[in-house]
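J.: Next input, structure requested:
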Amino acid sequence: MCKPSQLSIHCCSGFCCCCAGFAAAGYVALTGDLPGALAAYKANYPLLALPTKLLITFPLVYHYLGGVRHFVWDLHKIGNQADKTSLLETPRVEFSSQVLLGTSAVLSVILAIL
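T.: As a prediction, the model looks like this:
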């Protein structure tokens, strides 16, 4: 079973989103034509279109859903040490990490196919 710390890629996905955003903004600033750049990429590298979309959508979806999970944690009662119904108990955190990873993967594939 994976530990929550092994699936805590929230910060890494945020960093990837930031780097990809800066790289895309720089490329568009240099070329000045986003639709043309996308069309040229699809024409020159048709087999890389879907993997590229996955590389872009997964960090965005995972980062967003991870933020939603943290928002739920912040609003949910934390409970005391004797109360084992908290969302921050280790089994629930592990389960929510697995759900987060699976949901992010499925939504990323769906968005990449669109």
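J.: Show me which residues of the top helix by length along the chain are buried.
T.: Using DSSP state H, we find that the single longest helix of the chain is helix 49-75. Across helix 49-75, burial judged by 16 or more other Cβ atoms under 10 Å covers 53-54, 56-63, 65-66, 69. C-betas here are computed from N, CA, C, even on glycine.
J.: residues in contact with S96?
T.: 69, 87 (Cβ atoms under 8 Å, 6 or more residues apart in numbering).
J.: Kindly apply the preceding question to L65 instead.
T.: 100, 103-104, 107.
J.: What average pLDDT does the strand or helix carrying V106 get?
T.: Assessed by DSSP states H and E, V106 sits inside helix 90-113. Helix 90-113 shows an average pLDDT of 91 in the prediction.
J.: what do you get for stretch 26-46?
T.: Stretch 26-46 carries an average pLDDT of 86.
J.: Give me the distance between the most centrally placed residue in the chain and G32.
T.: In the chain, the C-alpha nearest the mean C-alpha coordinate belongs to Y62, at 2.1 Å (Cα atoms, centre = their mean). From Y62 across to G32, the span is 31 Å (Cβ to Cβ, to the nearest Å).
J.: cool, and I56?
T.: For I56 relative to G32 (Cβ to Cβ), the value is 21 Å.
J.: swap in C12?
T.: 31 Å.
J.: likewise H76?
T.: To G32, H76 is 47 Å away according to Cβ to Cβ.
J.: Can you pick out the residue with more neighbours from those two?
T.: When neighbours are counted by other Cβ atoms under 10 Å, H76 and G32 differ, and H76 comes out ahead with 12 against 9.
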